[in-house]
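[1] mind looking at a prediction? Sequence and model below.
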Amino acid sequence: MPRDDEKQTLQIVDSIRELSEPIRAHTYLYEKTLSMCPSYPRLRNFKILEIGCGSGAGIHWIRRVHSEVDSVKGLDIVAVDCLEGSIIQGNAEKLPFNDSQFDLILNIESSHLYTHPNKFFAECSRVLRSGGFLCWADLRFSEVMGDVETQAQLAKFHTVAFENITEGVLRGVNYTSYRYDKMIERAPWYVKLFRKTLRITYCAPGTESHERLLKRQKIYAAACWRKSA
């Protein structure tokens, strides 16, 4: 049975009736990560920054279901701004923002790509106001997941919540993989040449990346850290 906080998260996602199952899996990950924040779901007047926002689908979701927030900005190393200036190009290890500018930073499925994650945590600490939150979700090999907590603590964060969400992510992968597999089936022949590589990228069942999650060689975690006062 889901816990009370998980039920609340599911209710928010389920309230948007037209979502397909693959999209629902993605939006649930956003809500799950946000729900690690003790202020959730009441994020009134929060200034939010998503680091590693891609094309901004997560920003669009937050604006849709959390209209109480003050603002949501996005940053990505390859900025594709579909949201009228809300997304800027930038490096997660050298954020182009002033000190103490945001109330909450969101970072999902991105930090494992950073060259110097310690710099990322330090920059998040810099641009968050005192008492601000960093809500994070990503994967690591099981033996180095503890390094993430250490990096956060060195940047003057203390842990509010830290949860292994691998099982839930695997359920979501089953939905998203089915959709992506169907897209590849309909794709031109030259896209199909990369079918194996693409399936590894989205952790499709039967791939090595999926097996690592099944065997817990890799772990998917969600966390919330609070900047020290």
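    Received, thanks.

[2] next SSE after the lengthiest helix in the chain?
    If each helix of the chain is counted by residues according to DSSP state H, the longest one is helix 166-186. From helix 166-186 onward toward the C-terminus, using DSSP states H and E, the following helix or strand is helix 189-192.

[3] output that following helix as CSV, restricted to C-alpha atoms.
    Listed next in CSV are the C-alpha coordinates belonging to helix 189-192 (Å, rounded to 0.1, in the frame of the first residue of the first chain):
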residue,chain,number,x,y,z
TRP,A,189,15.3,2.6,-41.5
TYR,A,190,18.3,4.7,-40.6
VAL,A,191,16.8,5.3,-37.1
LYS,A,192,16.3,1.6,-36.7
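
[4] need the next SSE after that helix, C-terminal direction.
    Counting by DSSP H and E, the element after helix 189-192 in chain order, helix or strand, is helix 195-201.

[5] what is the following helix or strand past that following helix packed up against?
    Moving toward the C-terminus from helix 195-201, the first helix or strand encountered (DSSP H and E) is helix 208-214. Packing contacts for helix 208-214, counted by 3 or more CB pairs under 8 Å, 6 or more residues apart in numbering; DSSP states H and E, involve helix 166-186, helix 195-201, strand 218-227. The C-beta positions use only the backbone N, C-alpha and C, and glycine is treated the same way.

[6] so residue 216 touches residue 166, yeah?
    Yes - the pair residue 216 / residue 166 is scored as a contact, 6.5 Å apart, by CB atoms under 8 Å.

[7] tell me where the chain has helices.
    4-14, 21-34, 57-65, 117-127, 145-154, 166-186, 189-192, 195-201, 208-214.

[8] contacting residues around the fourth one?
    For helix 117-127, the surrounding residues in contact (CB atoms under 8 Å, 6 or more residues apart in numbering) are 49, 51, 92-95, 97-102, 105, 107, 111, 114, 134, 148, 151-152, 154-157, 227.

[9] ok, now with 6 Å
    Among residues not part of helix 117-127, those counted as contacts by CB atoms under 6 Å, 6 or more residues apart in numbering are 92-93, 95, 97, 99, 101-102, 105, 111, 114, 134, 151-152, 155-156, 227.

[10] for the helices and strands packed on helix 208-214, which one sits closest to residue 88?
    Between residue 88 and these, the shortest separation by CB to CB is 22.1 Å, and it involves strand 218-227.

[11] before we move on, back to that, okay if I get the helices and strands packed on helix 208-214 as TSV plus mean pLDDT?
    Formatted as TSV, the entries for the helices and strands packed on helix 208-214 read as follows, by pLDDT from 0 to 100:
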stretch	mean pLDDT
helix 166-186	91
helix 195-201	95
strand 218-227	98
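
[12] quick revisit: who has more neighbours out of residue 216 and residue 166?
    Neighbours per residue (other CB atoms under 10 Å) separate residue 216 from residue 166, with residue 166 holding more: 17 against 12.

[13] hang on, the earlier thing: so which elements touch the longest helix of the chain?
    Helices and strands touching helix 166-186, as assessed by 3 or more CB pairs under 6 Å, 6 or more residues apart in numbering; DSSP states H and E, comprise helix 21-34, strand 218-227.

[14] okay, now the domains of the chain?
    Each domain of the chain is listed here as a residue range: 4-165+219-227, 171-208, per the TED database.

[15] for the longest strand anywhere in the chain, packing partners?
    Counting residues, the longest strand in the chain under DSSP state E turns out to be strand 128-141. Where contact means 3+ CB pairs under 6 Å, 6+ apart, strand 128-141 is packed against helix 21-34, strand 102-108, strand 218-227.

[16] out of these, which one sits most buried?
    Mean neighbour count (mean count of other CB atoms under 10 Å) peaks for strand 102-108 among these, with a mean of 24.
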